[in-house]
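Enquirer: Kindly generate the corresponding structure for this input.
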Amino acid sequence: MIDSALLSVPAMAAVTGWATNWLAIQMSFHPVRFIGVGVLGWQGVIPRKAEKMAHICIDQTLQTFGNLNDVYAQLEPQRIVEQVVTQLLPRVDEYIDDIMYERHPVLWDNLPRFLRERIYRWARAELPQCIESLVEDFGDDLDELVDLKALLSRELQQHPDLMNRIFKEAGAVELRSVINYGAIIGGLLGALVVPFWTRYPEPWVLPLAGFAIGFATNWLAIHRIFSPVLPRRVLFWRIQGLFLRRQPEISEIWARLVAEELITVEKVADAMIHGAHGDRTRAMIQKHLRPLLDNSPVLRTATQMSVGVTGYTELKKAMYARAVTATGDVFADPGFNRDRAPVVAKVLAGQMKALGPREFQGILRPAFHEEEIQLMVVGGVFGALAGLLQYVSLTYLTL
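Expert: Now for the predicted structure:
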């Protein structure tokens with residue numbers, strides 16, 4: 001009876017190893033937002049370190065590639081020009097009507113129809129060249145117009161679950177392996193405990209052994225993900241950190257999700273217009289729109305004669321503001337964002353694949369490095385409770 005009961009020690013240790021690794025993984029992802037009061041509480045390691053990881057990733061990839069301007073060049077600026085023109089041309093008449101009826105309704109109502117048509121035609125004819133020169137200017141200065149780190153920080157603060165999704169999809173196979181390794185390692189360690197327990201059946205032995213197993217399996221799980229950095233040959237096996245071994249596949253997944261969720265054309269455009277350097281972006285839009293307005297003799301003459309130079313200046317300001325809004329609306333097109341995302345992903349994935357193992361580890365490891373001891377201690381406490389439960393069970397079975 002006692003011998004069969006002792007078989008439960010490695011079985012319980014295997015369950016403990018599996019459970020503590022599962023718990024460590026869950027604590028890495030959840031909760032997404034901090035739960036607790038002051039220092040007493042917890043937030044998932046990855047959501048808490050998401051901003052830091054994203055910044056390291058962008059630094060590693062974009063610094064290797066060049067800068068945001070170079071990425072923009074890969075987006076095929078002519079496609080961007082076509083997108084803007086295609087979206088704006090059909091609405092030029094509507095934009096002009098809206099602004100004129102808002103600012104000078106009497107003038108616009110009384111302007112002969114043929115003169116209004118001339119203004120529409122003029123705007124439609126001049127707009128493509130205006131957009132082309134504007135897009136070219138954006139491409140030259142994009143790295144200065146967009147604070148990419150600020151963009152990432154804002155997005156990750158608003159959607160802290162994004163990095164969770166990236167990690168779960170990129171490392172799904174590895175995370176399952178880590179949990180299963182916990183059961184194997186826990187079972188082996190439990191088997192080593194049996195002879196010690198039969199010799200010293202003290203109340204403290206199994207809880208202490210449980211703590212050691214829970215602590216050790218979590219330590220091994222974390223190190224199995226990231227170590228060894230470089231491949232090593234052990235007998236017939238080639239050993240390397242689980243995430244590092246699948247660097248090409250993880251790079252593809254990571255880059256795709258970052259491009260689809262974080263660095264989209266829409267979000268970069270929004271950062272250009274509303275970010276820290278938005279005033280410079282708006283000034284560039286005004287610079288390229290000004291000739292379109294000043295070179296329209298019908299609109300300029302009719303407006304100045306009706307409402308004076310000041311009224312014409314106010315009209316131009318209103319048109320500038322509408323142009324800024326329209327620019328943001330153009331890049332909100334989901335189809336265009338989906339079409340351009342693979343280009344950004346290709347750039348990021350290519351550079352992540354080209355990173356050395358140590359550099360690649362440097363993107364992922366910071367999320368866990370500062371929290372490893374806490375995860376291990378939690379695993380140890382859980383293991384100690386399991387050991388205490390085992391002691392009670394064995395004691396009952398021996399009665």
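
Enquirer: Give me the helix or strand of this structure that scores worst on average pLDDT.
Expert: Least confident helix or strand, the chain: helix 2-6 with a mean of 59, by mean pLDDT, DSSP states H and E.

Enquirer: Which stretches in the stretch 201-350 of the chain count as helices?
Expert: Applying DSSP state H, counting those that start in this stretch to the stretch 201-350 of the chain gives helices spanning 205-226, 242-245, 247-261, 265-274, 278-294, 297-330, 334-354.

Enquirer: Including mean pLDDT, distance to residue 130 and mean neighbour count, could these go into JSON lines?
Expert: Where C-beta positions appear, they are placed from N, C-alpha and C, glycine not excepted. Converted to JSON lines, the helices of the stretch 201-350 of the chain look like this (pLDDT from 0 to 100; distance: least, Cβ to Cβ, whole Å; neighbours: other Cβ atoms under 10 Å):
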{"stretch": "helix 205-226", "mean pLDDT": "84", "distance to residue 130": "52", "mean neighbour count": "23"}
{"stretch": "helix 242-245", "mean pLDDT": "79", "distance to residue 130": "48", "mean neighbour count": "20"}
{"stretch": "helix 247-261", "mean pLDDT": "81", "distance to residue 130": "29", "mean neighbour count": "20"}
{"stretch": "helix 265-274", "mean pLDDT": "78", "distance to residue 130": "17", "mean neighbour count": "21"}
{"stretch": "helix 278-294", "mean pLDDT": "73", "distance to residue 130": "5", "mean neighbour count": "16"}
{"stretch": "helix 297-330", "mean pLDDT": "66", "distance to residue 130": "10", "mean neighbour count": "16"}
{"stretch": "helix 334-354", "mean pLDDT": "79", "distance to residue 130": "20", "mean neighbour count": "17"}
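
Enquirer: Please produce a markdown table containing those helices, extended by distance to residue 31.
Expert: Formatted as a markdown table, the helices of the stretch 201-350 of the chain follow (distance: least, Cβ to Cβ, whole Å):
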| stretch | distance to residue 31 |
| --- | --- |
| helix 205-226 | 19 |
| helix 242-245 | 23 |
| helix 247-261 | 20 |
| helix 265-274 | 26 |
| helix 278-294 | 34 |
| helix 297-330 | 34 |
| helix 334-354 | 29 |
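
Enquirer: nearest to residue 194, of the ones you listed?
Expert: Closest to residue 194 of the helices of the stretch 201-350 of the chain is helix 205-226 (Cβ to Cβ; 9.9 Å).

Enquirer: Only C-alpha atoms, please: export that closest one in CSV.
Expert: Extracted in CSV, the C-alpha atoms of helix 205-226 (Å, rounded to 0.1, in the frame of the first residue of the first chain):
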residue,chain,number,x,y,z
VAL,A,205,10.3,17.2,3.2
LEU,A,206,7.4,17.1,0.6
PRO,A,207,6.4,20.8,0.9
LEU,A,208,10.1,21.8,0.6
ALA,A,209,10.6,19.4,-2.3
GLY,A,210,7.4,20.8,-3.9
PHE,A,211,8.8,24.4,-3.6
ALA,A,212,12.0,23.3,-5.2
ILE,A,213,10.2,21.5,-8.0
GLY,A,214,7.9,24.5,-8.7
PHE,A,215,10.8,26.9,-8.6
ALA,A,216,13.0,24.8,-10.7
THR,A,217,10.5,23.9,-13.4
ASN,A,218,9.6,27.6,-13.9
TRP,A,219,13.3,28.5,-14.0
LEU,A,220,13.9,25.8,-16.6
ALA,A,221,10.9,26.8,-18.6
ILE,A,222,12.0,30.4,-18.9
HIS,A,223,15.6,29.4,-19.8
ARG,A,224,14.4,26.8,-22.2
ILE,A,225,12.7,29.5,-24.2
PHE,A,226,15.8,31.7,-24.5
